[in-house]
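In: for reference, the sequence and a predicted model appear below.
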There are 2 protein chains.
Amino acid sequence: MTVDSTPVEQNGNRRRPTIKDVAVVAGVSRGTVSRVLNGGHWVSPEALTAVQAAIKSTGYAANRHARSLVTGRSNSVAFLLTEPQQLLFEDPNFSVLLRGAADALAKRDIPLLLMVAGTPEERRRVTDYVTAGHVDGVLLISSHADDPVVAALLREQVPIVACGTPLGYEGKVGYVAADDIAGARAMVRHLRDIGRQHIATITGPLDTPGGVQRLQGYRDELGSSYDEGLVAKGDYSRLGGQRAMAELLAARPEIDAVFVASDLMAAGALATLAAQGKRVPEDIAIGGFDDSYLAATMTPALTTMRQPFERISSEMVRLLTELIDGEEPATVILPTTLVQRAST
Amino acid sequence: MTVDSTPVEQNGNRRRPTIKDVAVVAGVSRGTVSRVLNGGHWVSPEALTAVQAAIKSTGYAANRHARSLVTGRSNSVAFLLTEPQQLLFEDPNFSVLLRGAADALAKRDIPLLLMVAGTPEERRRVTDYVTAGHVDGVLLISSHADDPVVAALLREQVPIVACGTPLGYEGKVGYVAADDIAGARAMVRHLRDIGRQHIATITGPLDTPGGVQRLQGYRDELGSSYDEGLVAKGDYSRLGGQRAMAELLAARPEIDAVFVASDLMAAGALATLAAQGKRVPEDIAIGGFDDSYLAATMTPALTTMRQPFERISSEMVRLLTELIDGEEPATVILPTTLVQRAST
DNA sequence: AGCATCACTGTGAACGTGCACAGCCCAGGT
DNA sequence: ACCTGGGCTGTGCACGTTCACAGTGATGCT
C-alpha cells in the first residue's frame, strides 16, 4: 500500500481529503461540515471555526461530481456558438464577449464550457450534452433567425440567455442587447450633423437582429428622405464590406457618407475607398458600429457606435444565474455611445 | 407517486432515464449495460443489440457526474490562458488555437473548459479547481518564462501540454510548437534573396519562446553580419510594433527590410511606415510571422511565415489525451512555410 | 465422467456528497 | 414537574455509475 518510501506528514496515500476527513479532524459529523460548506447556518460558532480550521489544515476541496450527482446541478454553464461560418473567430467581438463571460462567471466560481455547434453533427452532440443536464444553463451567441439549436434547448427547458434579440424566439428566451435602433439613429444623426446629404448604409445579414435593427434605425432617422437605393447588404465580414462599398460607389457616385453596421465591414469599406482613391472623411465619411479594438487602428481611425461588451457579457451572466435560480426570463437593453474619430 | 394526472406514454415523471431503466427495458442487468457503454466487450450479440435498442428507446444518456465520481476522471480538459495582459484577445492567434482545440476535443466528445489565470486571485482559483481533479488535463497557453501556474500544476502531477517551448520547464512538460528558429531563418533568407542588405528585426518579448527563438533564427541566418543595432524589442502588440519600427527608422535610416516576429506587430510597423511616407516594399520590405488572417488584409498584404495553427491545436489535444492515458510527455515541432505577398 | 476453461451475466459494494429526519440539550412557560 | 420549542448535531439513505467478484451453462480435454 505504501508506495512512498519516505515518511509522509499527513496522509499516507495520494487520496484527496473528503468531507469525512474534515469531519474527523474537526471533531464533528459530516452533516455539520456540509452545513458549513453551504452557508454555515444552524451551526454553532465553535463548530464553525473548528470546521474552517479543519478545511484549511486538510486542504479539503469539495468534490463537484459527488455534489452534482446528488443535487442534480452541475454548477457550470455553456458558452454556445451556433454560427455556421468561420466568421465567428474573425470577428473580435466574440472574443471580447467570451472573455467577459468567463470573467463574470469566474467571480461566481462557475466554470465555462465552450461549445461550438456549427455542423448538424456538432449540433446533435451539443444538444445531447446540454439536455443531459451537464450544464445548468446556456449563454447563447447565435445571431441567425430561427436557430434550430434554440428550439431544441427550449423544448428541454434549458435556461438560456441570448446575446441580441433572438429572432424567431422573441418573448420565449431572455436576452441582453445593445440598443441597435437608437444607436443607428444616433450615427445617422451624427452624419447629418456634420453636413452630409447622401447617407448610404451597409447592413448586416437581414436575418440577424443587428442586421435588421440597425437598418431600421437608419430608416427611422432618415424618415421621408429614406432611399432604398442607398442600402447595400453585407454579411458582417470584412470582404462583404469591401464588396458592398464597391457596389454603392458604382451605383450612387453622389454619396458622401456611409453608416456601416459593423466595424469589421467598415474596415473592408475603407479598403475599397482607399483602392478607389476616395478620401475619408473629405469625400466620404464612414461611421461604424461596435467600437471593437479594430476601430482605433484603422486609417483613418473609425468613428463608431460603442457597444458596451463588458457590460453585455456581465449582464448575460447575471440574467442566466437568476434564471437558473428560478427567476423569470428577462430582457436588458443597453445604450450605445458615439465615439468620434477621424473618419467623420 | 403518480403526480401526473394525464396518462403518459413512457415514463411518468420528468426523471431522466438511468442505466437501470435501460437494463429493465433490455431485460439484462446494469452490469451488462455498463459493459455495452464502455466498449461492448464480453457481451453476447443479442444482449448488445437489445441494450442498444433500449438505449435508443429510452433516450438514455449517461450521467457524467456519477461516472466521474466512481472513475475519478472528469472527461474534460481545461484550456488555460495565463497571460496577465489583455493582449490575449487582441491577438487573433489565440482565437484560432481555441477554436481548433475545441474542435479536436469535440471529436473525442470531451468538453473544453476555458479558464483565465491572469491575476493572483484567478491563479489561485484555477489551480484549486484543476488540482481538485475537476479536469483530466490542461492545454496551456502560457508564453512567459517561469510561469508560477505551471509550477503549481506540475507539483500536483496534472497532465499538461503547452503551446510553444515552456521556458523554465523544458523537459518537464510536453509541448507542441512551430519551428521558430527555422522559420525565422527562412524569412531572413527570403529577404536576402530579394536583394535586401540591411535587414533589421522586431522581436517578441525576450522571456517568451517566440521572442528568443525567432531572434535566434535571425541571428543564425545572418551569421557574421549580425548587428545588434538592428534589433528592436517588441511586445507582440500592435502598438509595440509601431514604436519599435519608429525606433529603428530613427536609429538606422539605411535599413531596407524588417523581419517582424508577429503579424500583429507587423501591422503596427506598417502603420509607422505609412505615417512616415516610406513605401513598402520599395523602400522597406516587411516580413511577418504567424500568417494570422490579418496578414492578407493589410496594405500591402503581408509576407509572413505561416504557423500551422489548426495542426498545432490538434496535436496538442492528441498529446494531452495520450498523456492522460499514461503515455510519456512528448514534444512536437511543426514546420512553418513562407507565404509571400505584396510586402516583400 | 470429471474437471478446467471460456464466454458471458448478475450482484453488491463503493465513490463523496446533500438532505430529511430524528435526536439532543437547554431555556422558558404552564 | 411537565411540555414546548428552538438551536444545534448526528445518521442513514439516495444520487447513477463502475468495478471486482461470483456465478452460470456450455464446451473441450484428460
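Out: Yep, it's here. Computed from a predicted model, the values in this text were never measured in an experiment.
In: hey, let's count contacts and neighbours off CA atoms from now on
Out: OK.
In: which residues of chain A fall in strands?
Out: Per DSSP state E, chain A carries strands over the ranges A:77-81, A:112-116, A:137-141, A:160-163, A:174-178, A:199-203, A:231-233, A:257-260, A:285-290, A:303-306, A:331-334, A:337-339.
In: how far does the last one sit from the chain's center?
Out: Centre-to-centre, strand A:337-339 and its host chain are 20 Å apart (C-alpha atoms, centre = their mean, to the nearest Å).
In: with the longest one instead?
Out: Mean C-alpha position of strand A:285-290 versus that of the full chain (C-alpha atoms, centre = their mean) differs by 21 Å.
In: which residues sit in contact with residue A:42?
Out: Residue A:42 is in contact with residue A:35, counting by C-alpha atoms under 8 Å, 6 or more residues apart in numbering or on different chains.
In: next one, pLDDT for it please.
Out: We have a pLDDT of 89 for residue A:42.
In: repeat for residue A:337
Out: pLDDT, read off for residue A:337, is 98.
In: may I see the strands of chain A organised as JSON lines, with mean neighbour count and distance to DNA strand D added?
Out: Formatted as JSON lines, the strands of chain A follow (neighbours: other C-alpha atoms under 10 Å in any protein chain shown; distance: least, C-alpha to the nearest atom of the strand, whole Å):
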{"stretch": "strand A:77-81", "mean neighbour count": "22", "distance to DNA strand D": "19"}
{"stretch": "strand A:112-116", "mean neighbour count": "24", "distance to DNA strand D": "21"}
{"stretch": "strand A:137-141", "mean neighbour count": "24", "distance to DNA strand D": "19"}
{"stretch": "strand A:160-163", "mean neighbour count": "25", "distance to DNA strand D": "23"}
{"stretch": "strand A:174-178", "mean neighbour count": "25", "distance to DNA strand D": "29"}
{"stretch": "strand A:199-203", "mean neighbour count": "27", "distance to DNA strand D": "48"}
{"stretch": "strand A:231-233", "mean neighbour count": "21", "distance to DNA strand D": "49"}
{"stretch": "strand A:257-260", "mean neighbour count": "28", "distance to DNA strand D": "51"}
{"stretch": "strand A:285-290", "mean neighbour count": "28", "distance to DNA strand D": "45"}
{"stretch": "strand A:303-306", "mean neighbour count": "26", "distance to DNA strand D": "47"}
{"stretch": "strand A:331-334", "mean neighbour count": "17", "distance to DNA strand D": "33"}
{"stretch": "strand A:337-339", "mean neighbour count": "19", "distance to DNA strand D": "49"}
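In: for chain B, find the nearest of the ones you listed.
Out: Each of the strands of chain A has some distance to chain B by C-alpha to the nearest C-alpha; the shortest is strand A:112-116, at 4.5 Å.
In: disregarding flanking residues, what is the spatial nearest neighbour of residue A:28?
Out: Distances taken as C-alpha to C-alpha, 6 or more residues apart in numbering or on different chains place residue A:47 nearest to residue A:28, at 7.4 Å, with adjacent residues excluded.
In: that neighbour: neighbour count?
Out: Using other C-alpha atoms under 10 Å in any protein chain shown, residue A:47 has 17 neighbouring residues.
In: helices of the stretch 51-200 of chain A, start to end?
Out: All helices of the stretch 51-200 of chain A, identified by DSSP state H, counting those that start in this stretch, fall at A:64-71, A:87-90, A:92-107, A:120-129, A:148-155, A:180-193.
In: what residues does the stretch 1-150 of chain A put near chain B?
Out: A:16, A:61, A:63-66, A:68-69, A:89-90, A:92, A:95-96, A:99, A:102-103, A:106, A:111-116, A:122, A:128, A:132, A:134 (C-alpha under 8 Å from any C-alpha of the partner chain).
In: again, 7 Å this time
Out: Within the stretch 1-150 of chain A, the positions near chain B by C-alpha under 7 Å from any C-alpha of the partner chain are A:61, A:65-66, A:68-69, A:89, A:95-96, A:111-114, A:132.
In: pull out the buried residues from the residues you listed.
Out: Buried subset of these (neighbour count, 16 or more other C-alpha atoms under 10 Å in any protein chain shown): A:61, A:65-66, A:68-69, A:89, A:95-96, A:111-114, A:132.
In: so who does the residue most central in space within chain A touch?
Out: Taking C-alpha atoms, centre = their mean, the centroid of chain A lies closest to residue A:97, which sits 4.0 Å from it. By C-alpha atoms under 7 Å, 6 or more residues apart in numbering or on different chains, residue A:97 lies in contact with A:309-310, A:313.
In: try it again with 8 Å
Out: A:309-310, A:312-313.
In: kindly report the same for residue A:131.
Out: Per C-alpha under 8 Å, 6+ apart, neighbours of residue A:131: A:153, A:156, A:158.
In: with residue A:212 instead?
Out: Counted by C-alpha under 8 Å, 6+ apart, residue A:212 has contacts A:203-206.
In: tell me who's in contact with the residue nearest to residue A:201 when sequence neighbours are not counted.
Out: Nearest non-adjacent residue to residue A:201, counting by C-alpha to C-alpha, 6+ apart: residue A:259, 4.6 Å away. By C-alpha under 8 Å, 6+ apart, the contact set of residue A:259 is A:187-188, A:199-202, A:286-288.
In: and chain A, which residues reach DNA strand C?
Out: A:15-20, A:30-31, A:34-35, A:37-38, A:61-64, A:66-67, A:69-71 (C-alpha under 7 Å from any atom of the strand).
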